[in-house]
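Trainee: turn this into a structure:
(one chain, ligands or ions: 1)
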Amino acid sequence: MTYIIGLTGGIGSGKSTIADLFAELGVPIVDADVVAREVVAPGSPLLAQIAEHFGQQVITAEGGLDRAALRQIVFADKDKTEWLNQLLHPVIRQRMLRQLQQQTALYVLWVVPLLIENKLTEYCDRVLVVDVSEAIQLQRAVRRDNSNIQQIKKIMQAQVSRQQRLAKADDVINNDRPLSESEKDLRAQVLQLHQYYLALAGKKHE
Ligand code: ATP
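Mentor: Next up, the predicted model:
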């Protein structure tokens, strides 16, 4: 089985930014957000179940999932959120694990925002955390999502704290500095980790 590096971090911490740097080195990526979209693709059985449960208003004119409409319906309704999670989570998990198993590279980067919250660290050989201060996290997430501070704070509160996340980390990349200043350093750190992971993965396969 391929060596698995779990990459996690809070909302807006820079997981995609860091994952892109690994991808540039040819590292295969399994991305929880991508898989979460795949399982409800137009024509999928899960999308049909969601439409049956919540009505056609959650389906766009093109036959895809209307995420904004669905969010409106389940927002602040624990039972509805629970129903949706129980439907989607096992399928997403199965699909991700299958994708991980199918890898032929020495190691794979598994990008999961809720890696710790959903207790997926048990599937990882190592955990890499993208760490930022809460103030910077808030600022970047608000800017990227065009959200208000309260919305982002709420999401941050539903995630583990920075300290809890760091406690689970084997490796940490700090992403506090603006990219204009830090890009070169980040690339160097990613390259160093890449070489380290290749060595660890090689040992596992010996
Ligand atoms: P999420 O889990 O919320 O989707 P993420 O952890 O994948 O987020 P990114 O999408 O990589 O985070 O980054 C969040 C935002 O911050 C993006 O708009 C990104 O361009 C920006 N960003 C990331 N790192 C930096 C940095 N070092 N300096 C400035 N902006 C950054």
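Trainee: does the ligand sit close to the helix or strand hosting Val30?
Mentor: Element membership of Val30, judged by DSSP states H and E, is strand 29-31. No - using Cβ under 6 Å from any ligand atom, strand 29-31 never reaches the ligand; the gap is at least 9.4 Å. The C-beta positions use only the backbone N, C-alpha and C, and glycine is treated the same way.
Trainee: which residue packs closest to Leu106, ignoring adjacent ones?
Mentor: Nearest in space to Leu106, with sequence neighbours left out and distances taken as Cβ to Cβ, 6 or more residues apart in numbering, is Ala201 at 4.1 Å.
Trainee: the following helix or strand past the strand holding Val30 and the ligand in contact?
Mentor: As assigned by DSSP H and E, the chain's next helix or strand after strand 29-31 is helix 32-38. No - taking Cβ under 6 Å from any ligand atom as the criterion, helix 32-38 and the ligand are apart, separated by no less than 6.8 Å.
Trainee: chain center to helix 32-38: distance?
Mentor: 9 Å (Cα atoms, centre = their mean, to the nearest Å).
Trainee: list the buried residues in it.
Mentor: Ala32, Val35, Ala36, Glu38 (16 or more other Cβ atoms under 10 Å).
Trainee: how about the helices in the chain?
Mentor: 15-24, 32-38, 45-54, 67-74, 78-101, 134-145, 149-158, 162-167, 179-205 (DSSP state H).
Trainee: by contact count, what packs against the last one?
Mentor: To tie it back to what came earlier, the one meant is helix 179-205. strand 3-8, helix 15-24, strand 107-111, strand 126-131, strand 171-174 (3 or more Cβ pairs under 8 Å, 6 or more residues apart in numbering; DSSP states H and E).
Trainee: quick check: Val190 vs Pro45, distance?
Mentor: As defined by Cβ to Cβ, to the nearest Å, Val190 lies at a distance of 38 Å from Pro45.
Trainee: kindly reformat the buried residues of helix 32-38 as CSV containing pLDDT.
Mentor: Formatted as CSV, the buried residues of helix 32-38 follow (pLDDT from 0 to 100):
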residue, pLDDT
Ala32, 98
Val35, 98
Ala36, 96
Glu38, 96
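Trainee: looking at those, spot the one nearest the ligand.
Mentor: Ala32 (9.4 Å; Cβ to the nearest ligand atom).
Trainee: report the separation between the nearest residue to the closest one once chain neighbours are set aside and the ligand.
Mentor: The shortest distance from Ala32 to any non-neighbouring residue, by Cβ to Cβ, 6+ apart, is to Val112 (4.3 Å). Noted for Val112: a distance of 10 Å to the ligand, by Cβ to the nearest ligand atom, to the nearest Å.
Trainee: thinking Val112 is in contact with Thr121, fair?
Mentor: No - contact criterion Cβ atoms under 8 Å: Val112 and Thr121 do not qualify, at 9.3 Å.
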